[in-house]
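Enquirer: Provide a 3D model corresponding to the input given below.
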Amino acid sequence: MAGTRKHDARLFAVETRFQKLAKRPGGIPRDAAIERAQSAIDDVKPEFDGWLDTELQELASLIKSAELGKADSAWIERANLHSRQLCDSAGTLQFELLSFIANSLCDVLDVIQRDNRDNMESITCHMDALMLAGQKSYRRLRPEQVPELTKGLRRVVEHVTILPPGAEEDHS
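Expert: Residues are numbered from 1 along each chain as shown. Got it, this is the predicted structure:
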């Protein structure tokens, strides 16, 4: 590699506007902010049951209409939106299993939408798991407490993400 010059990289920190605002005097202490956030989350938890039931019903209805061939072309985008909302909200409220399953469903929906492939069995499998995890007696479970379920869902996602034999990946 004769003829190439070695340059020493120089790292320097850039303070963003947000960092400057966060460091300015007069704000509330970090621990107080965390306590307020936790209190706000605790206030929202009782409303979660009704919201969860509505989200699951809407998602199930979308998927059922797709299974019957009655869904419009944007159904998968709406299903993905509902699934992402479930994932984010459940994660925030520390319903880890529900969040894990919704995230896994998002992975499946992303691949199906990207590759324009039909795989309703994988979606139905995830919906069944979401319905189970949405029950009050299962909501507090963590993914590692149900290893058979989580391992099975991971295998489903792996199966969906593998291209069929002879298919070339072309996303240009």
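Enquirer: tell me, what residue is most central in this protein?
Expert: The residue lying closest to the centre of the chain (C-alpha atoms, centre = their mean) is residue 103, at 3.2 Å.
Enquirer: quick one: contacts of the helix or strand encompassing that residue?
Expert: Per DSSP states H and E: residue 103 is located in helix 96-115. Residues from elsewhere that reach helix 96-115, judged by C-beta atoms under 8 Å, 6 or more residues apart in numbering: 52, 76-77, 79-80, 83-84, 86-88, 90-91, 117-119, 122-123, 126-127, 129-130, 133-134, 138-139, 141-143, 145-146, 150, 153-154, 156-157, 160-161, 163, 171. C-beta here means a position set from N, CA and C on the backbone, and glycine is covered the same way.
Enquirer: again, 6 Å this time
Expert: When contacts are defined by C-beta atoms under 6 Å, 6 or more residues apart in numbering, helix 96-115 is touched by residues 76, 79-80, 83-84, 86-87, 90-91, 119, 122, 126, 129-130, 133, 141-143, 153, 157, 160-161.
Enquirer: quick one: contacts for residue 27?
Expert: Residues near residue 27 by C-beta under 6 Å, 6+ apart: none.
Enquirer: Provide a list of residue ranges in the chain with pLDDT below threshold.
Expert: Along the chain, the model assigns pLDDT under 70 to residues 1-6, 163-172.
Enquirer: show me what counts as buried in whatever helix or strand comes next after the helix holding residue 103.
Expert: Using DSSP H and E, the helix or strand that follows helix 96-115 in sequence is helix 120-133. For helix 120-133, the neighbour count (16 or more other C-beta atoms under 10 Å) marks 122-123, 125-127, 129-130, 132-133 as buried.
Enquirer: from the residues you listed, which is closest to residue 56?
Expert: Nearest to residue 56 among those: residue 130, at 6.3 Å, using C-beta to C-beta.
Enquirer: so what's the closest one up against?
Expert: Contacts of residue 130 (C-beta under 6 Å, 6+ apart): residue 101.
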